[in-house]
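Novice: I would like the atomic coordinates for the input below:
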Amino acid sequence: MTTASTKRNPAPVNGVVGAAVTNLSNLQLAFTPFPVSPETAEKYKLESPRKIYVTGIFGIPDVIEGDTMTVDDAEFAGQSFVLRAVGKWTKPVIYTKIYMELQM
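Specialist: Next comes the predicted model:
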């Protein structure tokens with residue numbers, strides 16, 4: 001199974017945002033991220049000149065749009081993703097679907 005970790009910027013202090021810090025680690029992804037089709041990107045308004053990927057996590061962890069995710073997988077070694085959309089479902093299973101783009 002593929003694992004991942006997320007980072008999040010801390011709250012601004014005096015209008016300055018600090019460097020991102022680890023928010024979650026050892027997240028178990030339901031499947032290795034794969035590219036989103038152009039039709040899906042259009043449907044969910046995932047407009048970006050970069051490649052968009054989708055993955056999922058069983059449960060509802062504390063992930064939000066804007067977090068940065070690093071996936072522990074040989075295909076994505078050393079690459080980070082910015083989370084662009086996060087959908088949370090509770091039926092039929094508790095599940096979080098994540099749309100993300102490669103960070104440049």
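
Novice: what stretches of this protein score poorly on pLDDT?
Specialist: Regions of the chain meeting the criterion pLDDT under 70 are absent.

Novice: how near is the residue most central in space within it to Lys43?
Specialist: The residue lying closest to the centre of the chain (Cα atoms, centre = their mean) is Leu83, at 3.8 Å. Distance of Leu83 to Lys43, computed by Cβ to Cβ, to the nearest Å: 18 Å. The C-beta positions use only the backbone N, C-alpha and C, and glycine is treated the same way.

Novice: can you give me the helices for this protein?
Specialist: 38-43 (DSSP state H).

Novice: tell me what the longest strand anywhere in it is packed against?
Specialist: Taking DSSP state E as the criterion, the chain has its longest strand at strand 80-89. On a contact count with 3 or more Cβ pairs under 8 Å, 6 or more residues apart in numbering; DSSP states H and E, strand 80-89 meets strand 68-72, strand 95-102.

Novice: switch to 10 Å and redo it
Specialist: Packed against strand 80-89 by the contact rule (3 or more Cβ pairs under 10 Å, 6 or more residues apart in numbering; DSSP states H and E) you find strand 3-8, strand 52-58, strand 68-72, strand 95-102.

Novice: Buried ones in the last one, by neighbour count?
Specialist: The one in question is strand 95-102. Tyr95, Thr96, Ile98, Tyr99, Met100, Glu101 (16 or more other Cβ atoms under 10 Å).

Novice: Over to the second one?
Specialist: Within strand 52-58, the residues that qualify as buried by neighbour count (16+ other Cβ under 10 Å) are Ile52, Tyr53, Val54, Thr55, Ile57.
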